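Q: Okay, structure incoming, though there's no sequence with it:
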């Protein structure tokens, strides 16, 4: 079966712009989580969605938001981009939020 | 901050040497998971431990879950160059959230 698909793979944006990243989970998985990965901070939890509801949110500013659609696909949005938002953004899908997570290849965001 | 502590941060070993990474949680975990991320890749699930004191093996990899379900370890016997990457532990925290340790970067010198 198809894995987790994230688009786009690479993105370059300018400070102040906004960006939307997309994640298509494995078929049947309703839990989708987003993580930010940077060299110094490891994998930081952004938020988790299940059946279109955000059930948990990490310690990130309100500029980071997300949503999940009825087909379980998820998007995350970052507004008013800052240089520090440059990172690899990973999406993971699973049957439940606390079990085996399947990661997509990530979106590499560079803010200049 | 990190609620799941992982050490060491880096480990350089000679090919054939053993490697161990340790994971500690301040609270009891319902399960602990281990992931491997190759350079330039994404995290890939290795294993999940659920029971207190559980030990599982995958070829040269041995995973342990502590009796109090607050710590875990991953031990690799006789490392190979294919073992290179970052190893993460992760545990469920605060409901509907998987918290990852900072990871241990393993480099193997051949």
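A: Received it, and whenever you're ready, just let me know what you need. Keep in mind it's a predicted model, so treat the numbers as computed, not measured.

Q: Just the pLDDT at the residue of chain A at minimum distance from chain B, thanks.
A: Distances between chain A and chain B by CB to the nearest CB are smallest at residue A:98, namely 3.5 Å. Backbone N, C-alpha and C define where each C-beta goes, glycine included. At residue A:98, the predicted lDDT confidence score is 84.

Q: Please give the element, helix or strand, for it.
A: For residue A:98, there is no host helix or strand (DSSP states H and E).

Q: The closest residue to it other than its chain neighbours - how many residues pack around it?
A: Nearest non-adjacent residue to residue A:98, counting by CB to CB, 6 or more residues apart in numbering or on different chains: residue B:92, 3.5 Å away. Around residue B:92 there are 18 other residues, counting by other CB atoms under 10 Å in any protein chain shown.

Q: and residue B:92, what is it in contact with?
A: Taking CB atoms under 8 Å, 6 or more residues apart in numbering or on different chains, we find residue B:92 in contact with A:97-98, B:29-31, B:98-99.

Q: Tabulate these in TSV, adding columns for neighbour count, secondary structure and distance to residue A:58.
A: Formatted as TSV, the contacts of residue B:92 follow (neighbours: other CB atoms under 10 Å in any protein chain shown; DSSP: H, G, I helix; E, B strand; the rest coil; distance: CB to CB, whole Å):
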residue	neighbour count	secondary structure	distance to residue A:58
A:97	21	coil	13
A:98	22	coil	15
B:29	25	coil	18
B:30	10	coil	19
B:31	19	coil	20
B:98	26	strand	11
B:99	19	strand	9
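
Q: Residue A:67 versus residue A:7, what's the distance?
A: Going from residue A:7 to residue A:67 by CB to CB, to the nearest Å gives 16 Å.

Q: if we can go back for a sec, pull up the gap between the residue of chain A closest to chain B and residue B:53, please.
A: 20 Å.

Q: Provide a list of residues in contact with the residue of chain A closest to chain B.
A: Taking CB under 8 Å, 6+ apart, we find residue A:98 in contact with B:30-31, B:92, B:96, B:98.

Q: what do you get for residue B:18?
A: Residues in contact with residue B:18 (CB under 8 Å, 6+ apart) are B:75-79.
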